[in-house]
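Peer 1: Next come a sequence and a model predicted from it.
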Amino acid sequence: MASSATQVTPEFTWRLMTGFQQSAAFKAAIELEIFTKIGEGHRTASDIANATGAAERGVRILADAMTVHGLLAKSGDEYSLSDEATAFLDKNSQMYIGSAVEFLMGPAQMRGFEDFTSAVRHGGSQISGEASLDPESPMWVTFARSMMPLMMPSAQMIAARIGLPNDQPIKVLDIAAGHGIFGINVAMQYPKAEIYALDWKNVLTVATENAERFGVADRHHLIPGSAFDADFGADYDIVLVTNFLHHFDPETNIAFLRKVHEALKPGGHAYTLEFVPNDDRVSPPSEALFSIVMLAATPAGDAYTFKELDHMFKAAGFSHSEHIPLAPMPQHLIVSTK
């Protein structure tokens, strides 16, 4: 009989079974702006309910749940924000990332997990219509509008690592630009950089809005179309390939990367942002777990190890690649040289 010191409990299994309940509660807290209203000084369930237009009972139960998760603190009948909630979940913070729930927990993403067992059985997404590959899909417009704040730290780190003289004219291709924030950060770092943002036409409207917002619209040019079919142009110093390769199988990526290689100047660089697990594919946790997202959402995508990515770049003609983790973010930068 097991001793109390080694007794096994089902607590973790229970948390996995009920995890969807907690993420749904978190989504509701974002949508009702619970964290923002508390940050503005509404501290009791009654005050928060009045500020949000929600029922007091509902607010009290939801705020208590967020307290259990450590995002709020409770003293008597008053709630206050944790440091994390203050930084990332209050809309008045410049680091607010709550908008990401619109994409990460939106219908298109959730649909892939409704019958995840089928995705496992077939080795890829069973979503009909392949909305992620549809040039008219509103999903990527939602992505562009909601995910930009979450991508800002990585975009800033990439721009800071380019390492060229700040007054040097550079030509940059931003592939699958989406919100455009990766190319925009390069433009802010390099006053003589010309950015060419490639994405579907409806998505590029968001990139244009952000280029205007950050004051680089005069150096932000558009290439509407598919990354597989559009004419990239040539003589780029840098090509940004951010959050793209994980959607496709290695053979598709190699063909695409050959196109990137051709668009670069001799000695030019591809800057690739990806979730990169270790060779064991079970660590670090965030990088390793990203593979299930690709299994649910794509026919053949994956979270690739650096060894796998390095092989793709070499097969496409690149001379060598460098792997740079972007801690504390879970994403990694791969810098590949033509």
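Peer 2: That came through fine. If you're wondering where the values come from, they're calculated on a predicted model, not measured in any experiment. Numbering: from 1, shown residues only.

Peer 1: Now do the domain split for this structure, please.
Peer 2: 4-90, 107-337 (automatic domain parsing).

Peer 1: Just put those domains in a markdown table and tack on mean pLDDT.
Peer 2: Formatted as a markdown table, these follow (pLDDT from 0 to 100):
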| stretch | mean pLDDT |
| --- | --- |
| domain 4-90 | 96 |
| domain 107-337 | 94 |
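
Peer 1: so what's residue 111 closest to, chain neighbours aside?
Peer 2: Counting by Cβ to Cβ, 6 or more residues apart in numbering, the nearest residue to residue 111 once its immediate chain neighbours are dropped is residue 127, at 5.8 Å. (Each C-beta comes from the backbone N, C-alpha and C, glycine too.)

Peer 1: Just give me the neighbour total for that neighbour.
Peer 2: By other Cβ atoms under 10 Å, the residues close to residue 127 number 19.

Peer 1: Next: residue 172.
Peer 2: Neighbourhood size, residue 172 [other Cβ under 10 Å]: 23.

Peer 1: residue contacts, it?
Peer 2: 183, 186, 187, 193, 194, 195, 196, 236, 237, 238, 239, 240 (Cβ atoms under 8 Å, 6 or more residues apart in numbering).

Peer 1: make it 6 Å
Peer 2: 183, 186, 193, 195, 238 (Cβ atoms under 6 Å, 6 or more residues apart in numbering).

Peer 1: centre of the chain versus the helix or strand where residue 251 lies, how much separation?
Peer 2: According to DSSP states H and E, residue 251 maps onto helix 250-263. Here helix 250-263 is found 22 Å from its chain centre; the criterion is Cα atoms, centre = their mean, to the nearest Å.

Peer 1: related to what we said a few turns ago, most surrounded residue in the contacts of residue 172?
Peer 2: In terms of neighbour count, residue 183 stands highest of the contacts of residue 172 at 33 neighbours, by other Cβ under 10 Å.

Peer 1: What does that one show for phi and psi?
Peer 2: The phi/psi pair for residue 183 (degrees, to the nearest 10) reads phi -70, psi -40.

Peer 1: Of the contacts of residue 172, which belong to helices?
Peer 2: Among those, DSSP state H puts 183, 186 in helices.

Peer 1: Just name the closest of the contacts of residue 172 to residue 218, please.
Peer 2: Nearest to residue 218 among the contacts of residue 172 is residue 195, at 10.5 Å by Cβ to Cβ.

Peer 1: Skipping adjacent residues, who's closest to the closest one in space?
Peer 2: Leaving aside its sequence neighbours, residue 195 is closest to residue 183 (4.0 Å, by Cβ to Cβ, 6+ apart).
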